[in-house]
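Visitor: A structural model of the following input is requested.
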Amino acid sequence: MAKFRGAIVVDNERCKGCSLCVVACPVKVISLAKEVNAKGYNYAREYVEDTCIGCSACATVCPDGCITVYKVKCD
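Guide: From the prediction side, this is the model:
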């Protein structure tokens with residue numbers, strides 16, 4: 001059976017740093033960046049690489065639809 005891992009892409013300029021995705025992530029791989037976007041918000045980012053399980057909880061709770069979740073097949 002093939003194994004999958006997840007990966008997220010955050011639209012940094014649309015993210016307003018509400019932290020809902022940080023709370024929703026079951027494996028705690030999302031945090032708010034110390035840097036700010038053009039609007040002055042600390043945006044969400046995946047800070048632990050190759051740990052995301054691709055559950056899409058973060059994308060589901062994001063009120064602005066800033067997060068895209070991908071599932072990558074592992075060899």
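
Visitor: these two touch, right, residue 47 and residue 32?
Guide: No. Look at residue 47 against residue 32 with CB atoms under 8 Å: they stay out of range, at 9.3 Å. Quick note: C-beta positions are derived from backbone N, CA and C, even for glycine.

Visitor: Provide the secondary structure category for the nearest residue to residue 46 once chain neighbours are set aside.
Guide: Nearest residue to residue 46, sequence neighbours excluded (CB to CB, 6 or more residues apart in numbering): residue 8, at 5.1 Å. At residue 8 the chain is in strand, as set by DSSP: H, G, I helix; E, B strand; the rest coil.

Visitor: rewinding a little: comparing residue 47 and residue 32, which residue is more hemmed in?
Guide: Here residue 47 and residue 32 are set side by side on neighbour count (other CB atoms under 10 Å), and the busier one is residue 32, at 18 against 13.

Visitor: immediately after the helix or strand hosting residue 5, which helix or strand?
Guide: In this assignment (DSSP states H and E), residue 5 forms part of strand 3-10. Next helix or strand after strand 3-10 toward the C-terminus (DSSP H and E): helix 20-24.

Visitor: After that next one, which helix or strand is next?
Guide: strand 30-36.

Visitor: could you give the angle of that next one to strand 3-10?
Guide: On the basis of axes from the mean of the first three to the mean of the last three CA atoms, to 10 degrees, strand 30-36 is oriented at 30 degrees to strand 3-10.

Visitor: List the buried residues in strand 30-36.
Guide: Of all the residues in strand 30-36, those buried under the rule 16 or more other CB atoms under 10 Å are 30-33.

Visitor: And for stretch 44-63?
Guide: Buried residues in stretch 44-63 (16+ other CB under 10 Å): 44-46, 52, 56-59, 62.

Visitor: now do stretch 67-75
Guide: For stretch 67-75, the neighbour count (16+ other CB under 10 Å) marks 67, 69 as buried.

Visitor: All good on my end, thank you.
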